[in-house]
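Asks: Please find the sequence and the predicted model below.
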Amino acid sequence: MKYEKIRTTVLQAIQEAVEKGLINGTSGNIAMRDEEDPRVIAITPSGISYAGMTPEDIAVVKMQEDGTNLWIEGNYKYSSELPMHAAVMRQRTDVNATVHTHSMYATICAMGETPELLPITPPQCEFTPVGIVDFTMPGSDQVAEKVVKALNKKGRVCLIKNHGMFSCGKNMKAAMHATIYTEEMAQTTVIARMLGTYEPMPEEAIKAMKALIEADQAV
């Protein structure tokens, strides 16, 4: 099987996301760049149950120079959200894995007139600031462009209104950590607000923690 390593990694990641409740049904999608050919991406297929899925079911596409994406491997067609994953990888050479979920609490925190998501515990600082993207039709080039803009040059996570979360990292471990801790950040925020005890970390503490994490290059 071609591209076995990245297809297996993507499959394991989507199964972990389902197990942790970050993805339900066939929603959400995960992608990973090939180490030998950075133009090649393995991505979960469209509309297929993740239960019983095999590495051969993971789609493989090649990013073309004209901006299109060519389907080259896989039993099923790639996810409809491929434009978003590919756009980020085209823009960010430091990104080798991307995760898109419809996580409940992250989606809630993207709502309202002035949404923001701030860390409540030190580990959450690594993935801030969290960008907010206005709702745009899923699978479109427009939402892909907005996600790229929200992440900019160094961003790890952004929330898409009425849709979900998009995370990225230098490898799958980093991308999954960004997803897990951002959903934790959102969950603690929602519960604390309901209890009337919401108190995010002070801005100076956030900056100090981010500097410490970056110095250690923690993943």
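Replies: Noted; the coordinates are in hand.
Asks: Any regions of this structure where pLDDT drops low?
Replies: Along the chain, segments meeting pLDDT under 70 span 217-219.
Asks: And the residue lying farthest from the centre of the chain, how far from residue 152?
Replies: With C-alpha atoms, centre = their mean as the measure, the chain has its most outlying C-alpha, relative to the mean C-alpha position, at residue 196: 29.6 Å. Summarising the geometry, the distance separating residue 196 from residue 152, computed by C-beta to C-beta, to the nearest Å, is 34 Å. Backbone N, C-alpha and C define where each C-beta goes, glycine included.
Asks: Can you get me a residue count around residue 80?
Replies: Residue neighbour count, defined by other C-beta atoms under 10 Å, stands at 14 for residue 80.
Asks: same thing with residue 114?
Replies: Here the count is done by other C-beta under 10 Å, and residue 114 has 5 residues near it.
Asks: which SS state does it fall under?
Replies: Per DSSP: H, G, I helix; E, B strand; the rest coil, the secondary structure class of residue 114 is coil.
Asks: Tell me which helix or strand comes right after the longest helix seen in the chain.
Replies: Among all segments of the chain classified by DSSP state H, the helix with the greatest residue count is helix 172-195. Following the chain from helix 172-195 toward its C-terminal end, the next helix or strand by DSSP states H and E is helix 203-216.
Asks: buried stuff in that following helix?
Replies: Neighbour-count burial for helix 203-216, with 16 or more other C-beta atoms under 10 Å as criterion, is recorded at 206, 209-210, 213.
Asks: Kindly report the same for stretch 78-95.
Replies: Along stretch 78-95, these residues count as buried under the neighbour rule (16+ other C-beta under 10 Å): 78-79, 81-92, 95.
Asks: Could you do stretch 180-192 as well?
Replies: So for stretch 180-192, counting by 16+ other C-beta under 10 Å, buried means 180-190.
Asks: would CSV of those residues with distance to residue 100 be doable?
Replies: Below are these laid out as CSV (distance: C-beta to C-beta, whole Å):
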residue, distance to residue 100
180, 14
181, 16
182, 12
183, 13
184, 17
185, 17
186, 15
187, 18
188, 22
189, 20
190, 20
